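J.: Need a 3D model of the sequence below.
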Amino acid sequence: MAKYVGAVDQGTTSTRFMIFDHSGKVIGVDQKEHEQIYPKPGWVEHDPMEIWERTQEVIAGALKKTGVMASDLAAVGVTNQRETTVVWEKATGKPIHNAIVWQDTRTDQICNELAKDGGQDRFREKVGLPLATYFSGPKVKWMLDNVPGAREKADKGELMFGNIDTWVIWNLTGGPKGGVHVTDVSNASRTMLMNLETLDWDPDMLKVMGIPRSMLPAIKASSEVYGKCMNSGLDGIPVAGDLGDQQAALFGQTCYDPGEAKNTYGTGCFMLLNTGTKPIQSKNGLLTTLGYKIGDQPAVYALEGSIAITGALVQWLRDNLKMIKKSPEIEDLAKTVDDSGGIYFVPAFSGLFAPYWKSDARGAIVGLTRYVNAGHIARAVLEATAYQTREVLDAMNKDSGVALKALKVDGGMVFNELLMQFQSDILGVPVIRPTVAETTALGAAYAAGLAVGFWAKVDDLRANWGKDKEWKPAMDEAKREKIYKGWKKAVTRTFDWVE
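T.: Okay, the predicted model is just below:
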């Protein structure tokens, strides 16, 4: 009798394998970072072969650490950094180019060209997304246009495309020896190629992007059996869950009712609001996206506010400026001062995402005086995450007409108490951290477990959710609005930087 469910969590900076029991408790985890490749300013790449190697290593590592046998797992789910684009040869399994990462801005010219006829929101009604460098469709077009021989191979049906979920599942289920070429609705909704209503690849979008349908994976539910593992030390175990990382966190946070929302603090920051079984078109710069789909039940939609740089800003302080040795040290450095000393740090390193969608913006620190020291910069780095979250929440409240009562939070940065308190202060609502903060992997495990009957229904998952800590607003309204107004002013200073 299988006792556990496993989840591959393939993130922007690292890959991990987590094992959960029936109560949603973490039994074991193994994690490894992979290389971040920056060939030119604004370009960000990963090596898909390295990601597949790390995936195999962390699966083996977690099983070894815990003494759990592969046969103890009922199923495996996959969750992934979304929009990061891989194109590979069907026959050999070799990528034709490094993966182009979601943060990469090289497709700005493609997006600008497409926006000439109908503007940035030209396809928004159909696909829920503005024309932006963030999404996979333009990245695929870039590869077909720029990698020698790629278009000819694609036209002959020799190439496959996928976001990282598709790449991992294809390799898990055999790769060139019969691997399953699938994605789920949540990942497909991030490509600009899927129609929000039909939940299938849209022929007009494929034509506009010049992408042959033969390259594309089959779009499936987020929770169903796709195939069985054929290598990676999990032979015979069903792969039965697939969710983009932010949708997986929504699912893991048990936000199953319309109006429930979560915010994940990772490399970027992503707030998702469950809007039920009908797509809501945003008028305030949010994305209309698929939340999840369980088996043959109706798909659930979400509004999403995506922020490109949050945790990545802390890493930048660590790696580029060497102001701290380890990411968690930022909290102690920030605590050496009482406030940010009047400065704001707008981290538009790869443009601004929600609610602005300006790929020509670049980062800025404004308000600098001789008084400012390293502590103030550290504080401004943390505050930037909270301010950006406030902008997204304001947009969400306007779009949905529902005022959020509390925010469920997860991801690596939620253990930073200073940030969580400031987040509650600037939002004016309580911020709640669950007992399992790694809800992304948990969501993928839940989807996989549901598909094979390890959990009978979503209500069983709700019973697993527990509160670890809650922060309540302690700032008076006048101060909150004053400093937030300063932030809004700072953001405008980053606009139109790239000519």
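J.: I'd like the next helix or strand past the top helix by length along the chain.
T.: For the chain, the helix reaching the highest residue count under DSSP state H is reported as helix 374-400. Using DSSP states H and E, the next helix or strand after helix 374-400 towards the C-terminus is strand 407-410.
J.: Going by neighbour count, list what's buried in that next one.
T.: Under the neighbour-count criterion of 16 or more other CB atoms under 10 Å, strand 407-410 has 407, 408, 409, 410 buried. C-beta coordinates here come from the backbone N, C-alpha and C atoms, glycine included.
J.: which of those lies closest to residue 236?
T.: residue 410 (31.6 Å; CB to CB).
J.: which one is that closest one nearest to, not counting chain neighbours?
T.: Nearest-residue entry for residue 410: residue 439, 4.3 Å, with adjacent residues in sequence omitted and distances by CB to CB, 6 or more residues apart in numbering.
J.: how far does stretch 100-107 sit from the chain's center?
T.: Averaging C-alpha positions (CA atoms, centre = their mean, to the nearest Å) puts stretch 100-107 14 Å from its chain's average.
J.: same check, this time on stretch 18-31
T.: Centre-to-centre, stretch 18-31 and its host chain are 21 Å apart (CA atoms, centre = their mean).
J.: The residue lying farthest from the centre of the chain and residue 55: what is the separation?
T.: Checked against the mean C-alpha position of the chain, the extreme residue using CA atoms, centre = their mean is residue 370, at a distance of 37.9 Å. Relative to residue 55, residue 370 is positioned 49 Å away (CB to CB, to the nearest Å).
J.: before we move on, what about residue 306?
T.: Distance, residue 306 to residue 55, using CB to CB: 25 Å.
J.: which residues in the stretch 1-150 of the chain form helices?
T.: 48-66, 108-115, 124-127, 136-146, 150-155 (DSSP state H, counting those that start in this stretch).
J.: Pick the one among the buried residues of strand 407-410 closest to residue 10.
T.: When those are ranked by distance to residue 10 (CB to CB), residue 410 comes first, at 16.9 Å.
J.: List the beta-bridge partners for that closest one.
T.: Using DSSP bridges, the beta-bridge partners of residue 410 come out as residue 264.
J.: Return the residues in contact with it.
T.: Going by CB atoms under 8 Å, 6 or more residues apart in numbering, residue 410 touches 249, 252-253, 262-265, 433-434, 437-440.
J.: Among the residues you listed, which one lies nearest to residue 149?
T.: Residue 149 lies nearest to residue 440 out of the contacts of residue 410, by CB to CB, at 36.6 Å.
J.: Give me the packing partners of the helix or strand harbouring that closest one, helices and strands only.
T.: With secondary structure defined by DSSP H and E, residue 440 is part of helix 439-451. Under the contact criterion of 3 or more CB pairs under 8 Å, 6 or more residues apart in numbering; DSSP states H and E, helix 439-451 touches strand 4-10, strand 14-20, strand 73-80, strand 223-228, strand 238-244, helix 245-252, strand 261-265, helix 458-462.
J.: Now that helix: average pLDDT?
T.: Averaged across helix 439-451, the pLDDT comes to 95.
J.: Stretch 375-382 too?
T.: Regarding stretch 375-382, the rounded mean pLDDT is 96.
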